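> Okay, here's the prediction I keep looking at, along with the sequence it came from:
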Amino acid sequence: MSKTRPVERPDKELRALRNRPARKRALGNTATAPLQRGRCGLVAKLVAITFALPAANGAAQGFGRALSFDGNNDQVRSNSNFDCNQLTVEAWVLVRSFAPIGWGGLAAWGRDADASWEVDLHSNGAVYFKINWNKANQRNTSSIGMYVANQWSHVAITYDGSDARLYSNGHLVRSETLGKPISSGGSGAWLTLGNNFPGADEFSNASFDEVRIWNIARTENEILCDMRSTLSGSEPGLLAYYDFDEVSGQIVPDRSVNHRDAFLGYGSSADSGDPVRVDSTVPSSCFDLSSPAPQLQSVCPSGSAEIAVVARACEAIAYQWQYEPIPGTWLDAADGPTFIDGGTITLSSVHSDRLQLSLNTTPNTPLIRFRCIVTNSCGSTTSEPATLVPCPPDLTCDNVVDDADFVVFVAAYNVLDCADPAMAAGCPADLNGDGLLDDSDFVEFVAAYNALGCL
């Protein structure tokens with residue numbers, strides 16, 4: 001093999017590169033998910049996998065029946081007392097539309113002229129929470145994007161006497177200080193579901209299931225853990241629990257020990273305001289997943305890395321990381337050296353939420369993918385894969401290809417032969433692995449240099 005360079009272009013382009021302004025990019029300037037770095041560059045934060053798991057008293061289960069409200073005049077009412085100093089209202093909702101006015105009621109406690117509290121659903125996916133409506137100390141808060149039309153979403157509001165919090169699918173989306181006590185409903189007050197208050201024409205074209213009203217401000221973890229499980233009815237602070245599982249009749253039983261029963265429509269006899277009982281299609285999966293796009297991150301061939309998966313649960317979680325030695329084949333990872341095409345990766349913490357990796361690979365090592373299987377007594381799920389992209393042109397192993405790498409490459413390029421004693425140990429700048437630092441290595445390096453990396 002000839003050990004001379006046949007063309008002058010690389011030297012000319014190298015001179016041009018030398019005359020460029022310095023190129024050094026600040027590291028870690030991502031706004032959404034700061035990257036954690038090991039000895040040689042990053043590592044990727046994987047995907048956020050969020051679990052909505054049941055409490056320890058039972059497995060996640062599907063709900064039997066739901067109520068479908070037509071948006072014209074359907075409602076459910078109870079004349080029991082729902083006065084409280086603190087409050088949680090939660091329910092599964094499937095909203096179809098809000099024509100023509102753009103909003104409708106989920107639950108309200110009050111009279112025609114005023115209300116102690118109410119929870120409204122709006123057509124932009126917003127949920128509004130109001131206390132003391134139409135009174136001197138009226139306060140309200142809201143958040144958009146709390147639900148998606150035509151699919152089941154879990155919504156909840158809490159009020160501790162000062163701060164209101166809104167939750168979507170078990171996760172806090174807004175907190176606001178209202179700073180006023182909740183007034184009494186007063187004489188003639190009703191609890192109304194599907195309409196904002198007695199006598200209003202603000203009906204919801206939606207289906208509801210598992211409506212729960214509490215006289216405490218429940219925590220995010222309590223809401224998240226219980227939202228996919230039925231209740232016993234004796235939970236502390238539970239005012240009323242409407243699961244809508246009855247088959248027929250005007251009565252909507254309160255499944256709590258308090259027996260704050262309600263009724264369909266406008267009275268004890270069937271009428272046009274009665275919602276329709278339907279089979280519930282609330283998802284019964286153990287897991288509520290939030291899976292962004294798979295993570296892609298470069299790492300130098302001798303670098304270290306950490307891949308993290310975020311899991312929330314009400315019960316103990318077990319982790320098992322896997323790797324993909326060939327496309328489509330996933331193997332359980334074990335602590336210690338793992339041999340792959342092009343070198344080894346030493347793994348540790350394969351049974352935790354953070355997988356540690358130390359690479360000893362060649363420039364020709366292909367993409368390396370990892371994923372995590374997360375399990376508890378409810379079930380299991382698998383994360384999206386994280387892909388580590390070996391980046392041989394990152395010769396200084398700092399997760400960017402810049403002037404520092406250029407200096408190292410030029411020094412090796414001038415030596416030319418990997419067998420030359422003057423060459424750096426391991427000949428890392430031989431990007432194509434042919435034993436020479438030649439034009440093909442130069443072309444590959446320039447491409448990464450211009451991109452400031454390998455992605």
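In hand now; what should we look at?
> Could you grab the helix/strand/coil label for the spatially closest residue to residue 180 that is not a sequence neighbour?
Leaving out its chain neighbours, the residue that sits closest to residue 180 by Cβ to Cβ, 6 or more residues apart in numbering is residue 137, at 4.5 Å. For every residue, glycine as well, the C-beta is placed using N, CA and C. The three-state label given to residue 137 by DSSP: H, G, I helix; E, B strand; the rest coil is coil.
> Spit out the contact partners of residue 137.
180-181, 183 (Cβ atoms under 8 Å, 6 or more residues apart in numbering).
> of those residues, buried ones?
180, 183 (16 or more other Cβ atoms under 10 Å).
> Make CSV from the contacts of residue 137 and add distance to residue 351 and secondary structure to it.
Below are those laid out as CSV (distance: Cβ to Cβ, whole Å; DSSP: H, G, I helix; E, B strand; the rest coil):
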residue, distance to residue 351, secondary structure
180, 50, coil
181, 49, coil
183, 53, coil
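> Mind putting the contacts of residue 137 into a markdown table with distance to residue 357 and pLDDT?
Converted to a markdown table, the contacts of residue 137 look like this (distance: Cβ to Cβ, whole Å; pLDDT from 0 to 100):
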| residue | distance to residue 357 | pLDDT |
| --- | --- | --- |
| 180 | 54 | 96 |
| 181 | 55 | 97 |
| 183 | 59 | 95 |
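> Arrange the contacts of residue 137 in a markdown table, one row each, with distance to residue 174 as further columns.
Shown next, in a markdown table, are those (distance: Cβ to Cβ, whole Å):
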| residue | distance to residue 174 |
| --- | --- |
| 180 | 18 |
| 181 | 21 |
| 183 | 23 |
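> any idea which of the contacts of residue 137 is closest to residue 73?
Minimum distance to residue 73 across the contacts of residue 137 is 27.6 Å, recorded for residue 183 (Cβ to Cβ).
> What's the separation between that closest one and residue 111?
11 Å (Cβ to Cβ, to the nearest Å).
> I'd guessed residue 405 sits against residue 446; true?
No - contact criterion Cβ atoms under 8 Å: residue 405 and residue 446 do not qualify, at 11.1 Å.
> between those two, which one's more packed in?
With neighbours defined as other Cβ atoms under 10 Å, residue 405 and residue 446 compare such that residue 405 has more, 23 against 19.
> just for the stretch 351-455 of the chain, where's the confidence low?
Applying pLDDT under 70 to the stretch 351-455 of the chain flags the ranges 378.
> for the chain, that is, sorry about that
Regions of the chain meeting the criterion pLDDT under 70 cover residues 1-62, 99-100, 284-297, 312-315, 378.
> could you redo the last one with a cut-off of 80?
Scanning the chain for pLDDT under 80 picks out 1-62, 98-101, 197-200, 283-299, 310-316, 342, 362-365, 376-381, 455.
> Quickly list the domain ranges of it.
Using automatic domain parsing, the domain ranges for the chain come out as 1-25+400-455, 37-53+287-390, 65-279.
> So which elements touch the helix or strand residue 175 falls within?
Assessed by DSSP states H and E, residue 175 sits inside strand 171-177. Counting contacts by 3 or more Cβ pairs under 8 Å, 6 or more residues apart in numbering; DSSP states H and E, strand 171-177 packs against strand 139-143, strand 163-168, helix 220-226.
> Could you check the angle it makes with strand 163-168?
160 degrees (axes from the mean of the first three to the mean of the last three Cα atoms, to 10 degrees).
> Buried residues, strand 171-177. List them.
When burial is assessed from 16+ other Cβ under 10 Å, strand 171-177 yields the following buried residues: 171-172, 174.
> And for stretch 355-366?
355-359, 361, 363, 365.
> Make a markdown table out of those and add distance to residue 421 and secondary structure.
Shown next, in a markdown table, are the buried residues of stretch 355-366 (distance: Cβ to Cβ, whole Å; three-state DSSP):
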| residue | distance to residue 421 | secondary structure |
| --- | --- | --- |
| 355 | 39 | strand |
| 356 | 36 | strand |
| 357 | 32 | strand |
| 358 | 28 | strand |
| 359 | 26 | strand |
| 361 | 24 | strand |
| 363 | 21 | coil |
| 365 | 26 | coil |
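> any idea which of those residues is closest to residue 223?
Among these, residue 355 lies closest to residue 223 (Cβ to Cβ), at 30.4 Å.
> Near the residue lying closest to residue 418 once chain neighbours are set aside, how many other residues are there?
In this structure, residue 418 finds its nearest non-sequential neighbour in residue 427, 3.7 Å apart by Cβ to Cβ, 6+ apart. When neighbours are counted by other Cβ under 10 Å, residue 427 registers 19.
> State the distance from residue 427 to residue 441.
10 Å.
> Residue 333 now?
33 Å.
> do residue 122 as well
Per Cβ to Cβ, residue 122 is found 60 Å from residue 441.
> So which of the two has more stuff around it?
Remark: of residue 122 and residue 441, residue 441 carries more neighbours, 23 against 18, as counted by other Cβ under 10 Å.
> and the more buried one, what element?
helix 439-451.
> Report the buried residues of that helix.
Neighbour counts over helix 439-451 (16+ other Cβ under 10 Å) mark 441-442, 444-446, 448-449 as buried.
> now that helix, how far from the centre of its chain.
Distance of helix 439-451 from its chain centroid, counting by Cα atoms, centre = their mean, to the nearest Å, is 38 Å.
> Also stretch 341-361?
Counting by Cα atoms, centre = their mean, stretch 341-361 comes out at 26 Å from the chain centroid.
> before we move on, what about stretch 74-89?
On Cα atoms, centre = their mean, the centre of stretch 74-89 falls 32 Å from that of its chain.
> Same question for stretch 75-90.
31 Å.
> Repeat that for stretch 384-393.
23 Å.
> Ok, stretch 151-165 next?
For stretch 151-165, the distance to the chain centre is 18 Å (Cα atoms, centre = their mean).
> Flag every buried residue along it.
Neighbour count says stretch 151-165 has 152-159, 164-165 buried, by 16+ other Cβ under 10 Å.
> Tabulate the residues you listed in a markdown table, adding columns for distance to residue 422 and secondary structure.
Shown next, in a markdown table, are these (distance: Cβ to Cβ, whole Å; three-state DSSP):
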| residue | distance to residue 422 | secondary structure |
| --- | --- | --- |
| 152 | 68 | coil |
| 153 | 66 | strand |
| 154 | 67 | strand |
| 155 | 69 | strand |
| 156 | 69 | strand |
| 157 | 71 | strand |
| 158 | 70 | strand |
| 159 | 74 | strand |
| 164 | 71 | strand |
| 165 | 66 | strand |
